[in-house]
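Visitor: no sequence for this one, just the structure:
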């Protein structure tokens with residue numbers, strides 16, 4: 001199984017369940033966590049190698065959480081929850097696994113002789129700045145470990161909580177390459193409330209982008225996903241790219257919706273409830289595949305490139321927070337394919 005590398009493996013090396021028997025399950029009565037359960041586990045490893053079959057251009061990730069309270073109806077990571085014996089729908093949104101020892105494990109793994117200081121991407125499976133981070137505060141310890149090891153890293157997020165850790169990001173950027181990206185696929189706030197109910201509003205995410213860039217942390221925008229027939233009209237794409245340019249993003253990359261198993265069923269169920277007239281067009285466009293037709297993908301990405309040029313966005317290196325760290329000539333490419 002390609003997710004076996006995420007198992008909690010006991011010291012003896014024998015097979016173990018993905019959620020250990022000693023996991024502590026907690027619920028909280030505060031409004032932001034009502035209806036959610038958190039499973040606190042002690043992971044054996046936190047820096048994970050990306051499966052070889054993956055289409056992403058990075059090799060290592062850190063995911064301190066599994067499951068995500070952002071509850072995006074299209075989230076490609078939903079299928080991974082099934083390996084925890086949870087479902088990829090409501091359980092993914094409300095049953096969150098918390099690796100409470102993530103910071104100490106990262107520090108230990110970065111110090112291991114076999115570690116070669118390779119780039120680490122965060123926020124590439126589920127968001128490391130989802131609401132749970134406000135309570136568990138795992139990211140400050142992780143960032144401090146990366147800073148102290150001078151290990152390059154990037155963060156992709158839909159959360160605004162990343163600004164809490166801006167001082168740590170700036171300290172790390174004085175020692176190594178640090179980049180960020182926010183995910184903003186569209187700026188329609190009515191649709192946002194329906195398909196991304198647990199996230200900050202698109203305008204708030206673009207404010208995060210602007211703040212990071214002004215502070216010296218290069219921040220791009222992943223315009224993902226672009227939702228066929230919902231956010232892909234010329235006017236909608238123009239509005240989104242214009243706002244992204246105004247936020248000062250270092251680059252913008254369009255990512256049309258892909259519907260892997262797990263995400264596909266949940267999203268299509270949402271589509272039948274809210275936009276039933278689009279069920280047949282989606283079936284034609286995807287034809288049972290995870291990805292829309294190449295023609296469609298090329299058309300959307302081409303339009304976004306043209307709009308980026310229209311609004312003066314050229315692919316430029318992110319600002320360096322310290323003169324001792326050379327800027328990366330290609331910007332944060334590691335965040336463009338997720």
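Guide: Yep, that arrived. Since the structure is predicted, the reported quantities are computational estimates derived from the model, not experimental observations. Numbering: from 1, shown residues only.

Visitor: quick one, what contacts residue 33?
Guide: Each residue near residue 33 by Cβ atoms under 8 Å, 6 or more residues apart in numbering is listed here: 27, 131, 135. Any C-beta I mention is one placed from the backbone N, CA and C, and that applies to glycine too.

Visitor: Filter these down to the buried ones, ChimeraX style.
Guide: A single ChimeraX command suffices to select whichever of those are buried according to 16 or more other Cβ atoms under 10 Å:
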select :131
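
Visitor: got a markdown table for the contacts of residue 33, with pLDDT and secondary structure too?
Guide: Converted to a markdown table, the contacts of residue 33 look like this (pLDDT from 0 to 100; DSSP: H, G, I helix; E, B strand; the rest coil):
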| residue | pLDDT | secondary structure |
| --- | --- | --- |
| 27 | 80 | coil |
| 131 | 94 | coil |
| 135 | 94 | helix |
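
Visitor: out of the contacts of residue 33, who's nearest residue 203?
Guide: residue 131 (18.7 Å; Cβ to Cβ).

Visitor: hang on, the closest one packs against residue 32?
Guide: Yes: under the criterion of Cβ atoms under 8 Å, residue 131 makes contact with residue 32 at 5.7 Å.

Visitor: Quick one: the helices in the stretch 201-338 of the chain, in order.
Guide: According to DSSP state H, counting those that start in this stretch, the stretch 201-338 of the chain carries its helices in the segments 202-215, 234-246, 263-274, 279-286, 294-310.

Visitor: show me where the stretch 1-150 of the chain has helices.
Guide: In the stretch 1-150 of the chain, the helices defined using DSSP H, counting those that start in this stretch lie at 90-94, 102-111, 132-136, 139-149.

Visitor: now for the second one, which elements pack on it?
Guide: Counting contacts by 3 or more Cβ pairs under 8 Å, 6 or more residues apart in numbering; DSSP states H and E, helix 102-111 packs against strand 47-49, helix 139-149.

Visitor: Show me which positions of it end up buried.
Guide: Here helix 102-111 shows 102-103, 105-107, 109-110 as buried, counting by 16+ other Cβ under 10 Å.

Visitor: Need the contact partners of it.
Guide: Helix 102-111 is contacted from outside by 43-47, 62, 64, 99, 115, 138, 140-142, 144-146, 148-149, 151, using Cβ under 8 Å, 6+ apart.

Visitor: correct me, but residue 251 touches residue 222?
Guide: No: taking Cβ under 8 Å as the definition, residue 251 is not a contact partner of residue 222, at 9.4 Å.

Visitor: which of the helices and strands packed on helix 102-111 is buried the deepest?
Guide: Of all the helices and strands packed on helix 102-111, helix 139-149 has the most neighbours on average by mean count of other Cβ atoms under 10 Å, namely a mean of 20.

Visitor: quick one: strands adjacent to the helix or strand just after it?
Guide: Scanning forward in sequence from helix 139-149 by DSSP states H and E, the next helix or strand is strand 153-157. Strand 153-157 sits in its sheet next to strand 120-122 (parallel), strand 178-183 (parallel), going by DSSP bridges.

Visitor: Can you check what angle separates strand 153-157 from helix 139-149?
Guide: 160 degrees (axes from the mean of the first three to the mean of the last three Cα atoms, to 10 degrees).

Visitor: from the contacts of residue 33, which is closest to residue 234?
Guide: residue 131 (34.6 Å).

Visitor: Measure how buried the closest residue in space to that closest one that isn't next to it in sequence is and give me the count.
Guide: The shortest distance from residue 131 to any non-neighbouring residue, by Cβ to Cβ, 6 or more residues apart in numbering, is to residue 69 (4.7 Å). Residue 69: 24 surrounding residues under other Cβ atoms under 10 Å.

Visitor: Please state the offset of stretch 25-35 from the chain centre?
Guide: Averaging C-alpha positions (Cα atoms, centre = their mean, to the nearest Å) puts stretch 25-35 23 Å from its chain's average.

Visitor: need the contact list for the closest residue to residue 159 other than its chain neighbours.
Guide: Spatial nearest neighbour of residue 159, excluding adjacent residues (Cβ to Cβ, 6+ apart): residue 129 at 3.2 Å. Residue 129 sits next to 123, 139, 155, 157-162 when contact means Cβ under 8 Å, 6+ apart.

Visitor: Residue 129 and residue 70, how far apart?
Guide: Counting by Cβ to Cβ, to the nearest Å, the gap from residue 129 to residue 70 is 10 Å.

Visitor: Now do the shared contacts for the two.
Guide: Both residue 129 and residue 70 are contacted by 158-159, under the criterion Cβ under 8 Å, 6+ apart.

Visitor: which neighbours does the longest strand belonging to the chain have in its sheet, and in what orientation?
Guide: Secondary structure of the chain per DSSP state E: the longest strand is strand 219-226. Using DSSP bridges, the strands paired with strand 219-226 are strand 178-183 (parallel), strand 252-256 (parallel).

Visitor: Need the mean per-residue confidence for the shortest one.
Guide: When the per-residue pLDDT values of strand 252-256 are averaged, the result is 96.

Visitor: now what about that strand, what contacts it?
Guide: Residues from elsewhere that reach strand 252-256 (Cβ under 8 Å, 6+ apart): 185, 220-226, 228, 232, 237, 241, 244-245, 291-292, 296-297, 300-301, 303-305, 308, 313, 335-338.
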